[in-house]
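**Student:** fold the following and give me the result.
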Amino acid sequence: MVLLILSSLVVVGYTAFRLMAQPPKIALEETPPPAESAGLSTDSPEPTDSGTPTRQRKEYTYTFLLCASDQASGNVDTMIVATYDTVNQTIAMASIPRDTLIDGVSPKGKSFHKLCSMYPYNGIDALKEEVRKIVGFPIDFYVKVNTKGFVKLVDAVGGVNFNVPVHMAYDDPTQNLHIHFEPGMQYLTGTDALKVVRCRKNSDGSGVYPHNIYDAYPDADIGRTKTQRELIMAVLKKAISQPLNLPTYYNIFMENVETDLKVSDLAYFADKGLSFNFDNVTATSLPGDGTVKYKGVSWCYELYPDKVLDIVNTSGLNPYTTDITADMLNITQSGTAKRYD
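**Tutor:** Residues are numbered from 1 along each chain as shown. The predicted structure follows:
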(Lines give C-alpha, C1' and ligand atoms only; values in the text may rest on other atoms or scores of the structure.)
Protein backbone atom coordinates (compact mmCIF):
# COMPACT_ATOMS: atom_id res chain seq x y z
CA MET A 1 0.00 0.00 0.00
CA VAL A 2 2.58 2.58 1.03
CA LEU A 3 4.55 1.89 -2.14
CA LEU A 4 2.16 4.38 -3.76
CA ILE A 5 3.46 6.98 -1.34
CA LEU A 6 7.15 6.57 -2.02
CA SER A 7 6.72 6.27 -5.76
CA SER A 8 4.58 9.36 -5.89
CA LEU A 9 7.07 11.37 -3.83
CA VAL A 10 9.62 10.59 -6.51
CA VAL A 11 7.63 10.97 -9.71
CA VAL A 12 4.43 12.94 -9.16
CA GLY A 13 4.31 16.34 -10.73
CA TYR A 14 7.83 16.29 -12.15
CA THR A 15 7.03 17.62 -15.58
CA ALA A 16 4.30 20.03 -14.48
CA PHE A 17 5.82 21.48 -11.33
CA ARG A 18 9.61 21.32 -11.59
CA LEU A 19 9.91 25.08 -11.82
CA MET A 20 8.02 25.37 -8.54
CA ALA A 21 10.44 23.06 -6.72
CA GLN A 22 11.98 24.54 -3.61
CA PRO A 23 13.23 22.98 -0.36
CA PRO A 24 10.33 22.48 2.08
CA LYS A 25 10.46 24.57 5.22
CA ILE A 26 10.16 22.83 8.55
CA ALA A 27 9.74 24.37 11.98
CA LEU A 28 12.73 24.51 14.28
CA GLU A 29 12.22 22.51 17.42
CA GLU A 30 13.79 22.73 20.83
CA THR A 31 15.67 19.74 22.18
CA PRO A 32 12.91 17.31 23.23
CA PRO A 33 12.25 17.04 26.97
CA PRO A 34 12.93 13.82 28.88
CA ALA A 35 10.35 11.08 28.37
CA GLU A 36 8.62 11.75 31.67
CA SER A 37 8.13 15.43 30.88
CA ALA A 38 5.37 17.17 28.95
CA GLY A 39 5.05 16.82 25.20
CA LEU A 40 7.20 18.44 22.56
CA SER A 41 6.10 21.62 20.83
CA THR A 42 7.24 22.35 17.29
CA ASP A 43 4.91 25.24 16.59
CA SER A 44 7.41 28.11 16.61
CA PRO A 45 9.47 28.54 13.42
CA GLU A 46 12.04 30.67 15.28
CA PRO A 47 14.41 29.69 18.10
CA THR A 48 13.23 30.92 21.48
CA ASP A 49 15.25 32.94 23.99
CA SER A 50 14.54 30.52 26.83
CA GLY A 51 18.08 29.19 26.83
CA THR A 52 16.93 25.71 25.83
CA PRO A 53 19.33 24.51 23.10
CA THR A 54 17.98 23.74 19.64
CA ARG A 55 19.04 20.41 18.22
CA GLN A 56 20.55 20.91 14.77
CA ARG A 57 19.00 19.16 11.80
CA LYS A 58 21.02 17.74 8.93
CA GLU A 59 20.81 20.04 5.95
CA TYR A 60 17.92 19.31 3.56
CA THR A 61 16.92 16.15 5.39
CA TYR A 62 13.23 15.40 5.90
CA THR A 63 11.16 12.89 7.86
CA PHE A 64 7.91 11.21 6.81
CA LEU A 65 5.18 9.00 8.21
CA LEU A 66 3.83 6.78 5.46
CA CYS A 67 0.65 4.90 6.28
CA ALA A 68 -2.35 3.07 4.89
CA SER A 69 -5.65 2.10 6.47
CA ASP A 70 -7.11 -1.33 7.07
CA GLN A 71 -10.10 -1.88 4.78
CA ALA A 72 -12.18 -3.62 7.41
CA SER A 73 -11.58 -1.71 10.65
CA GLY A 74 -10.41 1.75 9.62
CA ASN A 75 -7.30 1.29 11.78
CA VAL A 76 -3.93 2.15 10.29
CA ASP A 77 -2.69 -1.14 8.90
CA THR A 78 0.74 -0.06 7.66
CA MET A 79 3.11 2.50 9.21
CA ILE A 80 6.60 3.32 7.99
CA VAL A 81 8.85 6.09 9.26
CA ALA A 82 11.20 7.34 6.55
CA THR A 83 14.03 9.87 6.46
CA TYR A 84 15.20 11.30 3.13
CA ASP A 85 18.61 12.97 3.06
CA THR A 86 18.47 14.84 -0.23
CA VAL A 87 22.12 15.94 0.03
CA ASN A 88 23.65 12.48 0.37
CA GLN A 89 20.75 10.87 -1.52
CA THR A 90 19.89 8.25 1.08
CA ILE A 91 16.57 6.96 2.36
CA ALA A 92 16.13 5.09 5.64
CA MET A 93 12.86 3.31 6.40
CA ALA A 94 11.61 1.55 9.50
CA SER A 95 8.29 -0.27 9.79
CA ILE A 96 6.40 0.17 13.04
CA PRO A 97 4.24 -2.88 13.77
CA ARG A 98 0.55 -2.00 13.77
CA ASP A 99 -0.01 -3.53 17.23
CA THR A 100 2.78 -1.52 18.88
CA LEU A 101 1.94 -0.99 22.58
CA ILE A 102 0.86 2.51 23.61
CA ASP A 103 -1.25 4.17 26.31
CA GLY A 104 -3.89 5.91 24.19
CA VAL A 105 -7.01 7.78 25.26
CA SER A 106 -9.76 8.94 22.90
CA PRO A 107 -11.49 12.35 23.22
CA LYS A 108 -14.37 10.51 24.92
CA GLY A 109 -12.04 8.95 27.48
CA LYS A 110 -11.83 5.47 25.96
CA SER A 111 -8.49 3.76 26.55
CA PHE A 112 -6.77 1.83 23.78
CA HIS A 113 -3.37 0.20 23.66
CA LYS A 114 -2.40 -0.44 20.05
CA LEU A 115 -0.82 2.19 17.79
CA CYS A 116 -3.04 1.26 14.83
CA SER A 117 -6.06 2.68 16.71
CA MET A 118 -4.59 6.14 17.22
CA TYR A 119 -5.66 7.47 13.82
CA PRO A 120 -9.38 6.48 13.93
CA TYR A 121 -9.72 7.71 17.53
CA ASN A 122 -7.59 10.88 17.57
CA GLY A 123 -6.56 11.74 14.02
CA ILE A 124 -3.36 12.06 12.04
CA ASP A 125 -1.71 14.74 14.20
CA ALA A 126 -2.03 12.53 17.27
CA LEU A 127 -0.57 9.60 15.32
CA LYS A 128 2.40 11.73 14.22
CA GLU A 129 2.99 12.78 17.83
CA GLU A 130 2.83 9.19 19.09
CA VAL A 131 5.36 8.15 16.47
CA ARG A 132 7.55 11.10 17.49
CA LYS A 133 7.55 9.75 21.05
CA ILE A 134 8.66 6.34 19.78
CA VAL A 135 11.52 7.42 17.51
CA GLY A 136 12.64 10.60 19.31
CA PHE A 137 12.32 13.06 16.42
CA PRO A 138 9.39 14.97 14.90
CA ILE A 139 7.62 13.90 11.72
CA ASP A 140 7.81 16.64 9.09
CA PHE A 141 5.19 15.26 6.71
CA TYR A 142 2.64 12.47 6.54
CA VAL A 143 1.23 10.67 3.53
CA LYS A 144 -1.75 8.35 3.88
CA VAL A 145 -2.93 6.24 0.94
CA ASN A 146 -6.09 4.22 0.44
CA THR A 147 -6.15 0.71 -0.95
CA LYS A 148 -7.77 1.73 -4.24
CA GLY A 149 -4.79 3.91 -5.01
CA PHE A 150 -2.42 1.04 -4.28
CA VAL A 151 -4.21 -1.26 -6.72
CA LYS A 152 -4.34 1.45 -9.40
CA LEU A 153 -0.63 2.20 -9.11
CA VAL A 154 0.46 -1.42 -9.43
CA ASP A 155 -1.77 -1.82 -12.47
CA ALA A 156 -0.46 1.45 -13.91
CA VAL A 157 3.12 0.14 -13.93
CA GLY A 158 1.90 -3.05 -15.60
CA GLY A 159 2.02 -5.27 -12.53
CA VAL A 160 5.19 -6.61 -10.93
CA ASN A 161 7.13 -9.82 -10.69
CA PHE A 162 7.56 -10.51 -7.00
CA ASN A 163 8.95 -13.32 -4.87
CA VAL A 164 6.13 -14.22 -2.47
CA PRO A 165 8.02 -15.36 0.66
CA VAL A 166 5.53 -17.68 2.40
CA HIS A 167 2.49 -19.89 1.89
CA MET A 168 -0.62 -17.69 2.02
CA ALA A 169 -4.07 -19.22 2.47
CA TYR A 170 -6.70 -17.04 4.09
CA ASP A 171 -10.45 -16.88 3.53
CA ASP A 172 -12.84 -14.40 5.15
CA PRO A 173 -16.29 -14.60 3.54
CA THR A 174 -17.50 -11.60 5.58
CA GLN A 175 -15.02 -9.38 3.71
CA ASN A 176 -15.18 -11.41 0.48
CA LEU A 177 -11.42 -11.77 1.02
CA HIS A 178 -9.66 -14.82 -0.38
CA ILE A 179 -5.85 -14.93 -0.39
CA HIS A 180 -4.10 -17.92 -1.95
CA PHE A 181 -0.44 -17.82 -2.99
CA GLU A 182 2.44 -20.26 -2.79
CA PRO A 183 6.05 -19.15 -2.20
CA GLY A 184 8.09 -18.15 -5.22
CA MET A 185 8.50 -15.59 -7.97
CA GLN A 186 5.23 -14.71 -9.69
CA TYR A 187 3.45 -11.95 -11.55
CA LEU A 188 1.13 -9.81 -9.41
CA THR A 189 -1.63 -7.52 -10.59
CA GLY A 190 -2.75 -4.65 -8.37
CA THR A 191 -5.43 -6.81 -6.75
CA ASP A 192 -2.93 -9.63 -6.20
CA ALA A 193 -0.37 -7.27 -4.68
CA LEU A 194 -2.95 -5.88 -2.25
CA LYS A 195 -3.72 -9.40 -1.06
CA VAL A 196 -0.03 -10.16 -0.55
CA VAL A 197 0.62 -7.06 1.56
CA ARG A 198 -2.55 -7.59 3.61
CA CYS A 199 -1.91 -11.22 4.48
CA ARG A 200 -1.08 -11.67 8.18
CA LYS A 201 -2.84 -14.94 9.01
CA ASN A 202 -3.66 -18.22 7.33
CA SER A 203 -6.96 -20.04 7.86
CA ASP A 204 -6.13 -23.52 6.61
CA GLY A 205 -4.93 -24.94 9.92
CA SER A 206 -6.46 -27.95 11.63
CA GLY A 207 -9.75 -27.64 13.47
CA VAL A 208 -12.55 -25.15 13.02
CA TYR A 209 -12.59 -21.37 13.33
CA PRO A 210 -10.90 -19.75 15.21
CA HIS A 211 -8.58 -22.68 15.98
CA ASN A 212 -7.63 -23.01 12.32
CA ILE A 213 -6.07 -19.52 12.27
CA TYR A 214 -2.29 -19.19 12.53
CA ASP A 215 0.42 -16.66 11.60
CA ALA A 216 1.37 -16.67 7.92
CA TYR A 217 4.93 -15.62 8.82
CA PRO A 218 7.18 -17.34 11.37
CA ASP A 219 7.97 -13.91 12.83
CA ALA A 220 4.35 -12.72 12.62
CA ASP A 221 3.81 -9.09 11.57
CA ILE A 222 7.55 -8.40 11.30
CA GLY A 223 7.67 -10.72 8.31
CA ARG A 224 4.72 -8.98 6.72
CA THR A 225 6.30 -5.54 7.09
CA LYS A 226 9.43 -6.85 5.35
CA THR A 227 7.28 -8.07 2.46
CA GLN A 228 5.60 -4.66 2.27
CA ARG A 229 8.93 -2.86 2.05
CA GLU A 230 10.27 -5.22 -0.62
CA LEU A 231 7.13 -4.75 -2.69
CA ILE A 232 7.50 -0.98 -2.29
CA MET A 233 10.94 -1.15 -3.86
CA ALA A 234 9.85 -3.44 -6.71
CA VAL A 235 7.00 -1.16 -7.76
CA LEU A 236 8.96 2.06 -7.19
CA LYS A 237 11.80 0.93 -9.44
CA LYS A 238 9.37 0.00 -12.19
CA ALA A 239 7.37 3.22 -11.81
CA ILE A 240 10.26 5.62 -12.27
CA SER A 241 11.55 3.61 -15.24
CA GLN A 242 8.37 4.62 -17.11
CA PRO A 243 8.47 8.44 -17.35
CA LEU A 244 5.70 8.51 -19.95
CA ASN A 245 3.32 7.34 -17.21
CA LEU A 246 3.95 10.41 -15.05
CA PRO A 247 0.52 11.96 -15.72
CA THR A 248 -1.14 8.69 -14.69
CA TYR A 249 0.87 8.52 -11.46
CA TYR A 250 -0.02 12.12 -10.70
CA ASN A 251 -3.75 11.48 -11.13
CA ILE A 252 -3.59 8.39 -8.91
CA PHE A 253 -1.78 10.36 -6.23
CA MET A 254 -4.21 13.28 -6.25
CA GLU A 255 -7.28 11.02 -6.12
CA ASN A 256 -6.13 8.54 -3.47
CA VAL A 257 -3.70 10.22 -1.08
CA GLU A 258 -4.14 12.42 1.99
CA THR A 259 -1.05 14.50 2.83
CA ASP A 260 0.23 17.77 4.27
CA LEU A 261 2.82 18.11 1.51
CA LYS A 262 2.38 21.18 -0.67
CA VAL A 263 2.60 21.08 -4.44
CA SER A 264 5.99 22.81 -4.28
CA ASP A 265 7.17 20.16 -1.79
CA LEU A 266 6.12 17.37 -4.14
CA ALA A 267 7.95 19.05 -7.01
CA TYR A 268 11.09 19.35 -4.89
CA PHE A 269 11.12 15.67 -3.94
CA ALA A 270 10.30 14.65 -7.51
CA ASP A 271 13.23 16.70 -8.80
CA LYS A 272 15.61 15.19 -6.24
CA GLY A 273 14.28 11.67 -6.46
CA LEU A 274 14.36 10.87 -10.17
CA SER A 275 18.13 10.36 -10.01
CA PHE A 276 17.96 8.33 -6.81
CA ASN A 277 20.07 5.15 -6.54
CA PHE A 278 18.05 2.42 -4.85
CA ASP A 279 21.22 0.89 -3.44
CA ASN A 280 21.12 3.80 -0.98
CA VAL A 281 17.98 2.57 0.80
CA THR A 282 18.13 0.96 4.23
CA ALA A 283 15.02 -0.75 5.58
CA THR A 284 14.16 -2.52 8.79
CA SER A 285 11.43 -3.04 11.39
CA LEU A 286 11.44 -1.77 14.97
CA PRO A 287 12.07 -4.82 17.20
CA GLY A 288 10.01 -5.97 20.13
CA ASP A 289 7.82 -8.72 21.59
CA GLY A 290 4.41 -9.20 19.97
CA THR A 291 3.00 -11.57 22.61
CA VAL A 292 2.44 -9.03 25.39
CA LYS A 293 -0.88 -8.76 27.22
CA TYR A 294 -1.43 -5.26 28.64
CA LYS A 295 -4.37 -4.07 30.70
CA GLY A 296 -6.52 -6.86 29.33
CA VAL A 297 -5.49 -6.39 25.69
CA SER A 298 -3.76 -9.39 24.11
CA TRP A 299 -1.10 -9.54 21.42
CA CYS A 300 0.36 -6.10 21.94
CA TYR A 301 3.79 -5.49 20.40
CA GLU A 302 6.09 -4.04 23.06
CA LEU A 303 9.10 -2.30 21.53
CA TYR A 304 12.60 -2.70 22.94
CA PRO A 305 13.71 0.91 23.64
CA ASP A 306 17.45 0.18 23.52
CA LYS A 307 17.17 -1.56 20.16
CA VAL A 308 14.89 1.16 18.75
CA LEU A 309 17.44 3.78 19.81
CA ASP A 310 20.25 1.87 18.13
CA ILE A 311 18.29 1.57 14.88
CA VAL A 312 17.38 5.26 14.89
CA ASN A 313 21.01 6.32 15.32
CA THR A 314 22.70 3.81 13.01
CA SER A 315 20.28 3.27 10.11
CA GLY A 316 20.05 6.83 8.81
CA LEU A 317 16.67 7.58 10.40
CA ASN A 318 18.06 10.21 12.77
CA PRO A 319 17.61 13.62 11.08
CA TYR A 320 19.91 15.38 13.56
CA THR A 321 23.65 16.00 13.39
CA THR A 322 24.10 14.39 16.83
CA ASP A 323 22.80 11.14 18.26
CA ILE A 324 19.32 10.89 19.73
CA THR A 325 19.52 9.93 23.41
CA ALA A 326 17.44 7.50 25.46
CA ASP A 327 15.59 10.26 27.33
CA MET A 328 14.19 11.54 24.01
CA LEU A 329 12.21 8.32 23.53
CA ASN A 330 8.94 7.67 25.33
CA ILE A 331 8.03 4.05 24.60
CA THR A 332 5.25 2.39 26.60
CA GLN A 333 6.52 -0.58 28.62
CA SER A 334 4.54 -3.34 30.35
CA GLY A 335 7.48 -4.87 32.15
CA THR A 336 6.54 -8.33 30.86
CA ALA A 337 8.10 -8.38 27.38
CA LYS A 338 10.34 -11.33 26.52
CA ARG A 339 13.84 -10.66 25.24
CA TYR A 340 15.59 -12.85 22.69
CA ASP A 341 19.04 -11.26 22.72
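
**Student:** could you use CA atoms for every contact and neighbour count after this?
**Tutor:** OK.

**Student:** who are the contact partners of Asp204?
**Tutor:** Neighbour list for Asp204: 169-170, 212-213 [criterion: C-alpha atoms under 8 Å, 6 or more residues apart in numbering].

**Student:** likewise Asp70?
**Tutor:** Asp70 neighbours (C-alpha under 8 Å, 6+ apart): 76-78.

**Student:** and those residues as a markdown table, adding pLDDT?
**Tutor:** Output for those, formatted as a markdown table (pLDDT from 0 to 100):
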| residue | pLDDT |
| --- | --- |
| Val76 | 88 |
| Asp77 | 85 |
| Thr78 | 89 |
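
**Student:** next one: Gly205 relative to Gln175, how far apart?
**Tutor:** Going from Gly205 to Gln175 by C-alpha to C-alpha, to the nearest Å gives 20 Å.

**Student:** just want to know which of those two has more residues nearby.
**Tutor:** Per other C-alpha atoms under 10 Å, whichever of Gly205 and Gln175 has more neighbours is Gly205, with 15 against 9.

**Student:** so that one makes contact with Asn212?
**Tutor:** Yes. Between Gly205 and Asn212 there is a contact at 4.1 Å, judged by C-alpha atoms under 8 Å.

**Student:** how about Val76, nearest residue that isn't a chain neighbour?
**Tutor:** Ser69 (4.2 Å; C-alpha to C-alpha, 6 or more residues apart in numbering).

**Student:** I figured that neighbour was touching Asn146, is that so?
**Tutor:** Yes. Using C-alpha under 8 Å, Ser69 is in contact with Asn146, at 6.4 Å.

**Student:** over to the residue nearest to Val76: give its phi and psi.
**Tutor:** As for Ser69, its main-chain torsions (degrees, to the nearest 10) stand at phi -90, psi 150.

**Student:** now do the contacts for it.
**Tutor:** If a contact means C-alpha under 8 Å, 6+ apart, then Ser69 has 75-78, 144-147 as its contacts.

**Student:** turn these into TSV, including distance to Val164 and neighbour count.
**Tutor:** As requested, the contacts of Ser69 are exported to TSV (distance: C-alpha to C-alpha, whole Å; neighbours: other C-alpha atoms under 10 Å):
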residue	distance to Val164	neighbour count
Asn75	25	19
Val76	23	21
Asp77	19	21
Thr78	18	24
Lys144	25	22
Val145	23	23
Asn146	22	19
Thr147	19	20
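
**Student:** residue ranges of the helices in the stretch 101-250 of the chain, please?
**Tutor:** Secondary structure of the stretch 101-250 of the chain by DSSP state H, counting those that start in this stretch: the helices cover 118-122, 124-135, 147-156, 190-198, 221-240, 246-256.

**Student:** got CSV for the contacts of Asp204, with neighbour count too?
**Tutor:** Shown next, in CSV, are those (neighbours: other C-alpha atoms under 10 Å):
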residue, neighbour count
Ala169, 18
Tyr170, 22
Asn212, 13
Ile213, 16
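
**Student:** among those, which are in strands?
**Tutor:** If you go by DSSP state E, the contacts of Asp204 have 169-170 in strands.

**Student:** just give me the closest of the contacts of Asp204 to Asp125.
**Tutor:** Asp125 lies nearest to Tyr170 out of these, by C-alpha to C-alpha, at 33.7 Å.

**Student:** bridging residues for that closest one?
**Tutor:** Taking DSSP bridges as the rule, Tyr170 bridges to Ile179.

**Student:** how about the contacts made by it?
**Tutor:** Listed by C-alpha under 8 Å, 6+ apart, the contact set of Tyr170 reads 177-180, 199, 201-204.

**Student:** turn those into JSON lines, columns for pLDDT and distance to Thr191.
**Tutor:** Below are these laid out as JSON lines (pLDDT from 0 to 100; distance: C-alpha to C-alpha, whole Å):
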{"residue": "Leu177", "pLDDT": "90", "distance to Thr191": "11"}
{"residue": "His178", "pLDDT": "95", "distance to Thr191": "11"}
{"residue": "Ile179", "pLDDT": "97", "distance to Thr191": "10"}
{"residue": "His180", "pLDDT": "97", "distance to Thr191": "12"}
{"residue": "Cys199", "pLDDT": "94", "distance to Thr191": "13"}
{"residue": "Lys201", "pLDDT": "94", "distance to Thr191": "18"}
{"residue": "Asn202", "pLDDT": "96", "distance to Thr191": "18"}
{"residue": "Ser203", "pLDDT": "96", "distance to Thr191": "20"}
{"residue": "Asp204", "pLDDT": "95", "distance to Thr191": "21"}
